[in-house]
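Asks: can't give you the sequence, but here's the structure:
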């Protein structure tokens with residue numbers, strides 16, 4: 001599966017789609033829905049608080065790289081430091097450990113939660 005996710009407290013929020021329904025994005029296949037669109041829809045339904053912006057909680061994404069034939073799990077450092085949470089994500093999305101790369105999205109800093117932006121969380125190699 002590919003998809004997007006958040007960790008809100010202990011609650012894991014996932015929106016996923018099977019690889020067969022993934023959309024092309026460069027060398028990857030990804031989920032059809034963006035973080036902001038999904039979060040906004042959930043706020044309209046009353047599932048998520050209107051007081052919390054989509055980029056505030058730790059979040060991430062899983063894509064499938066067609067070139068390497070591997071899944072890439074990109075996440076905020078606050079998630080990556082919690083091995084049990086990473087395991088829950090991988091199990092929920094049926095990701096094979098031997099075919100999944102796990103890390104941040106590199107230097108772009110796209111997946112940095114409000115806490116990390118405010119406190120300059122530990123370096124990537126600390127998880």
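Replies: Structure received. Just so it is clear, the model here is predicted, and its values are computed rather than measured.

Asks: Low-confidence stretches in this protein?
Replies: Within the chain, the stretches with pLDDT under 70 are 106-109, 114, 116-127.

Asks: Any figure for the gap between the spatially most central residue of it and residue 26?
Replies: Centroid-nearest residue in the chain, with C-alpha atoms, centre = their mean: residue 60, separated by 1.7 Å. Using C-beta to C-beta, to the nearest Å, one gets 18 Å for the distance from residue 60 to residue 26. Yep, even glycine has a C-beta here, placed from its N, CA and C like the rest.

Asks: re the thing from before, hang on, the residue nearest to the centre of the chain packs against residue 82?
Replies: No: Residue 60 lies out of contact with residue 82 (C-beta atoms under 8 Å); the separation is 11.8 Å.

Asks: How many residues are close by residue 7?
Replies: Neighbours of residue 7 under the rule other C-beta atoms under 10 Å: 21.

Asks: scratch that, residue 17
Replies: Residues lying near residue 17 (other C-beta under 10 Å) number 17.
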